[in-house]
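> Need coordinates for the following:
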Amino acid sequence: MYIKIKGAREHNLKNISINIPRNQFVVITGVSGSGKSTLAFDTIFLEAQRDYLESMSAYARRIMPKLGQSKVDSIEGLSPCIVINQKQLARNPRSTVGTVTEVYTFLRLLYSRMGTPILNSEEFSFNTPMGACKNCGGLGVELKSDLDKLIDFERSLNDGAILHKTWCIGSRYWNIINATGYFDMNKRVKDYSAEEVDLLLYSDTIQYQNEQPGYVQSFSYEGVVSRLLKRQSDSRGLESNSYDRDFFSMATCSSCNGTRLNDKARSIKINDIGIVDLLTMEIRDLKEFLKCFSGEVAESIIPYINKILGYMCDVGIGYLSLSRSVATLSNGESQKVKLARQLGSSLTELIYIIDEPTAGLHARDAEHVTEILRKLVKKPNTVIVVEHDRDVMLNADYIIDIGPGAGTYGGEIVAEGTVEEIKNSGSLTGDFISGKKKIKKRNDKRITETYIEIKNATNNNLKNIDVKIPKGVLTCLTGVSGSGKSSLIEVFLKENPNSIVIDQSPIGASPRSNPATYTGAFDIIRKVFSKATGIDASFFTFNSKGACEECGGLGYKTMDMHFLGDIRGECEICKGKRYKEEVLNYLYNGKNISEVLDLTISDAIDFFDNKQIKEKIKMLAEVGLGYLKLGQSLDTLSGGEAQRVKLASQLSINGNIYILDEPTRGLHFVDIEKLLDILNKLVDYGNTVLVVEHNMDVIKNADWIIDMGPEGGKNGGKIIAEGTPEDVAKVEDSATGKYLAKELTR
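Below is the predicted model of the structure:
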């Protein structure tokens, strides 16, 4: 049985046809930008989603927006499709690892049946009024006023001691303070008594009758902090909220101590153990601890809990706790949580499409994930992964290699078949996994005598460690998931706040941002068009005068699919070009502004004679993003692509400290070679480069390695090995050293 695709032409795909075997482990690979995600997500998944909608009743289809069709002649053999991508889980502050995996639901049921005294399940939920802490509303945190930002204690009220604009001199609220007669307006706030400061900041609402002529006779007064807290809790989403928030910091709730639950829920025990004790344990410890619960009720509920906990341990996130807020998870951790949820499903004959399941994982943890994917296949299901990891590919049943290049130079099937067939195909991927091609190790060693020292680091799980990071070289920070790498970086940044951080976080992208706008090249391009045509430059922006009036310059219209999410459909008026028709009549070098934005960065470098434009965009090509289009929305970029855009914008800065978080994520072997060239250039320019990385090709090319462990969570936080790659490879207790030793002899 196969998923039979004929004539796929979405984005850069070149009318490809392919039969993908069902109920097997399939890897789609290729250089960055070759069309892997287009085939997996924009073709297979989109058509599976459309088939699902068409299976609904006529009434349901009538009330739901139409879903656009992928550019493909036909696809046969589809079944319901589940995507597990690297996007973060919904950043709802009320969501935790326990709630999204539904383990917390089972624990609440357990305590409602076995706890003493008996409460119902809802009373253990911090998302209901019955169970939530009254002080923080079940969030576990509360706002604390930052008085240093709010009050200048050296000034008087008449001199503007209150730094918030609502209480600026002469404003309504400043006049109210003056009218109360409570305060000496010419006295420095630092000289107020404790009672006066409390009245100024924390007073509840007081109704005041004023006898002074010239003032309102009746008004209400409340303290500055009290007033701001009331505005923050206003559910109407006041425009002032974001400004007000700058005068506060988040702190652990003083009432529930961050547990989110009220006193009643926290007081219920089973064997002297409260539900909060279970929620704060590491998942792997909780799995073992639950064995001490016995009885008929426990035996009927705990197997379901342990099943999910076991899957979370299998995917390498056993160091998390159920109380961990999902908003604090990395993209990789979010993906592993999603994967663990799906492993608990008993459904079969599904198609799973998974985006780089080993991204962000140590080589040891990646082995576990491959085993888990095999379990999904055995159920049976079809598992399709977009992946670059050599070991994952070597364990695949079938590989589809897309290329040969990126963007317009890709979109073709350059090889397909079993692992052995790919090895002998002559494709770039085949040559790298067969060993015919290798990312070579640098022979020259960079040595330094100066270091950046960190002493007694205790952040999160760090065990009071001392670290020396050499200056002017490439250092790799390694270790299994949860070993303390991010915690060490946090400490480093506190002591070195001017470091340039290039991580996997969103680029702050909106649909209106693109490589041209991000680099500043678009302003120059519009001026070039203006000079060539005699038309004002503002006419050539899709954000104002020149924008298509139907879509507002977006090029698409958004359709709300309710529980299925939003779907974008091409604007019927401008056909995705973003501009009014009259704007497109003006040409520069034979192209209109929309056609210019449709150029790849590599082609744009050749197209423009303007040195300023070339200078702005050439760095993007140097970091391997020449295949991106000038006008491609930044919100369509992968985490790895967004990271390289940020890197390109910083490449010209010398003499700095660079911190990169997993820069090889989403990169093919060829792209990793280019990345290493860039990292080495940064070092040669006089910069210090610190990379958090799991990729062995990068690690073996580092000048210095700091390996953390030995495990994740409470069992991590130590320096297991440090030194050159050869030094670390000899350390028996180092998980990284074990895999590095194999890599150095490969």
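> only C-alpha atoms for contact and neighbour calcs from this point on.
Fine.
> how about the helices in the stretch 1-150 of the chain?
Using DSSP state H, counting those that start in this stretch, the helices found in the stretch 1-150 of the chain span residues 36-39, 46-54, 58-63, 97-100, 103-114, 147-150.
> Quick check: which of those helices is nearest to Ala298?
Closest approach to Ala298 among the helices of the stretch 1-150 of the chain (CA to CA): helix 103-114, 6.8 Å.
> and the closest one, how far from the chain's centre?
Here helix 103-114 is found 31 Å from its chain centre; the criterion is CA atoms, centre = their mean, to the nearest Å.
> What is whatever helix or strand Glu367 lives in packed up against?
In this assignment (DSSP states H and E), Glu367 forms part of helix 363-378. Contacts defined by 3 or more CA pairs under 8 Å, 6 or more residues apart in numbering; DSSP states H and E place helix 363-378 against strand 25-30, helix 296-314, strand 382-386, helix 735-744.
> Okay, buried residues for it please.
Across helix 363-378, burial judged by 16 or more other CA atoms under 10 Å covers 363-370, 372-374, 376-377.
> now swap in stretch 342-360 and tell me
Using 16+ other CA under 10 Å as the test for burial, stretch 342-360 gives 342-344, 349-360.
> Could you do stretch 178-193 as well?
So stretch 178-193, judged by 16+ other CA under 10 Å, has buried residues Asn178, Ala179, Thr180, Phe183, Met185, Arg188, Val189, Tyr192.
> Leu163 touches Asp152, doesn't it?
Yes: under the criterion of CA atoms under 8 Å, Leu163 makes contact with Asp152 at 6.9 Å.
> With distance to Gly140 and mean neighbour count added, can I get the helices of the stretch 1-150 of the chain in JSON lines?
As requested, the helices of the stretch 1-150 of the chain are exported to JSON lines (distance: least, CA to CA, whole Å; neighbours: other CA atoms under 10 Å):
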{"stretch": "helix 36-39", "distance to Gly140": "38", "mean neighbour count": "23"}
{"stretch": "helix 46-54", "distance to Gly140": "38", "mean neighbour count": "17"}
{"stretch": "helix 58-63", "distance to Gly140": "40", "mean neighbour count": "10"}
{"stretch": "helix 97-100", "distance to Gly140": "14", "mean neighbour count": "20"}
{"stretch": "helix 103-114", "distance to Gly140": "16", "mean neighbour count": "20"}
{"stretch": "helix 147-150", "distance to Gly140": "22", "mean neighbour count": "14"}
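> quick one on the thing from earlier: among the buried residues of stretch 342-360, which are in strands?
Counting by DSSP state E, the part of those found in strands is Ile351, Tyr352, Ile353, Ile354, Asp355.
> show me the contacts for the last one.
Contacts here follow CA atoms under 8 Å, 6 or more residues apart in numbering; on that basis Asp355 touches Ile84, Asn85, Gln86, Val385, Val386, Glu387.
> Of those, which is the most crowded?
Val385 (29 neighbours; other CA atoms under 10 Å).
> Could you check how far that one is from Ala415?
Val385 sits at a distance of 16 Å from Ala415 (criterion: CA to CA, to the nearest Å).
> And for Ile400?
Separation of Ile400 from Ala415 (CA to CA): 6 Å.
> likewise Gly686?
Gly686 sits 42 Å away from Ala415, going by CA to CA.
> and what of Arg746?
In this view, Arg746 and Ala415 are 24 Å apart by CA to CA.
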